[in-house]
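Engineer: here is my input, please return the structure:
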Amino acid sequence: MRKMILLTPLLLAGCVTTGPIIASQSACSTIIPDSWRSPVPGAPLPAGEDVGDWVAFGDAQTGQLDKANGRTADSIGIVERCEQRDREAIRKSRPKFLGIF
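Structural biologist: Numbering: from 1, shown residues only. Next up is the predicted model:
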């Protein structure tokens, strides 16, 4: 009987759980800068008919496209890391049976 009394707290410890898992109500998309919601403007068209002006325009337009594509890749990366962080936090917060499983 004495052994049963001593073992009861150990057995009950495996049944004890932590509080409920509460995930953040804010979406990962809120981490993305608000300024990125506006489209990246195109480069201004050249005023003249000079070939050099058009070459400079093409170069500037390519730079704007690179900026827009960078925002897309960065936004996806931010959301993926945020979601991974949330999944990891939930995984770590789940109670373990007897503290080891």
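
Engineer: do you know the pLDDT at residue 68?
Structural biologist: Listed pLDDT for residue 68 reads 93.

Engineer: where do the helices sit along this protein?
Structural biologist: With helices called from DSSP state H, the chain shows them at 2-13, 51-93.

Engineer: which one of the ones you listed is the most hemmed in?
Structural biologist: Comparing the helices of the chain by mean neighbour count (mean count of other C-beta atoms under 10 Å), helix 51-93 comes out on top with a mean of 12. Every residue, glycine included, has its C-beta placed from N, CA and C.

Engineer: residue ranges in this structure under the pLDDT threshold?
Structural biologist: 1-26, 97-101 (pLDDT under 70).

Engineer: what separates residue 39 from residue 72, distance-wise?
Structural biologist: Distance, residue 39 to residue 72, by C-beta to C-beta, to the nearest Å: 11 Å.

Engineer: distance-wise, check residue 74 relative to residue 29.
Structural biologist: Using C-beta to C-beta, one gets 13 Å for the distance from residue 74 to residue 29.

Engineer: I'd like the helices of the chain as JSON lines, with distance to residue 45 appended.
Structural biologist: Formatted as JSON lines, these follow (distance: least, C-beta to C-beta, whole Å):
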{"stretch": "helix 2-13", "distance to residue 45": "73"}
{"stretch": "helix 51-93", "distance to residue 45": "6"}
